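>>> Structure of the sequence below:
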Amino acid sequence: MGQARNRLRLEVGLAILSALLFVATVLWPEWIEIVFGVNPDSGNGSFEWLIMELTAISAVVAIFLARADWRRLRSQTRLRQPHE
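Below is the predicted model:
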């Protein structure tokens, strides 16, 4: 059960990180050029759109994976508890 909890923590962390990167890119698209010192799309914004799409997709996938693991852990915990 410890490995499943660690996986759940990782999925939740990935979901949070992806969501934060998505919001940061929506609100401040130039952060990529400033942080990494490159301008891969020559200022047309296509790279920012790609980053927004990828971070949104990864956040949604991580949320669904975390939800499935959380439900699985919860049902296993219920099965292990003695019934009164």
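>>> Can you check which helix is longest in the protein?
helix 46-80 (DSSP state H).
>>> per-residue confidence averaged over it?
Averaged across helix 46-80, pLDDT comes to 91.
>>> Tell me the buried residues in that helix?
Residues of helix 46-80 classed as buried by neighbour count (16 or more other CB atoms under 10 Å): 47-48, 51-52, 55-56, 58-59, 62-63, 65-66, 69. In this view, the C-beta of every residue, glycine as well, is placed from N, C-alpha and C.
>>> Please apply the same query to stretch 14-26.
Residues of stretch 14-26 classed as buried: 14-15, 18-19, 21-22, 24-25 (neighbour count, 16+ other CB under 10 Å).
>>> In helices, which of these appear?
Per DSSP H, helices hold the following members of those: 14-15, 18-19, 21-22, 24-25.
>>> Closest one to residue 33 out of the residues you listed, please.
Set against residue 33, the nearest of those by CB to CB is residue 25 (11.5 Å).
>>> Distance of the closest one relative to residue 15?
For residue 25, the distance to residue 15 equals 16 Å [CB to CB, to the nearest Å].
>>> Mind telling me which residue is nearest the centre of the protein?
residue 15 (2.1 Å; CA atoms, centre = their mean).
>>> Spit out the contact partners of the nearest residue to that residue once chain neighbours are set aside.
Nearest non-adjacent residue to residue 15, counting by CB to CB, 6 or more residues apart in numbering: residue 62, 3.8 Å away. Contact analysis of residue 62 by CB atoms under 8 Å, 6 or more residues apart in numbering lists 11-12, 14-15, 18.
>>> same deal with residue 24?
Residues counted as contacts of residue 24 (CB under 8 Å, 6+ apart) are residue 31.
>>> Please give the element, helix or strand, for residue 29.
Residue 29 is part of no helix or strand when elements are defined by DSSP states H and E.
>>> Hmm, residue 43 and it touching each other?
No - here residue 29 lies out of contact with residue 43, judged by CB atoms under 8 Å, at a distance of 10.4 Å.
>>> Neighbour count: those two, which is higher?
residue 29 (15 against 10; other CB atoms under 10 Å).
>>> For that one, grab phi and psi.
phi -60, psi -20 (degrees, to the nearest 10).
>>> residues touching it, list them.
Per CB under 8 Å, 6+ apart, neighbours of residue 29: 45, 48.
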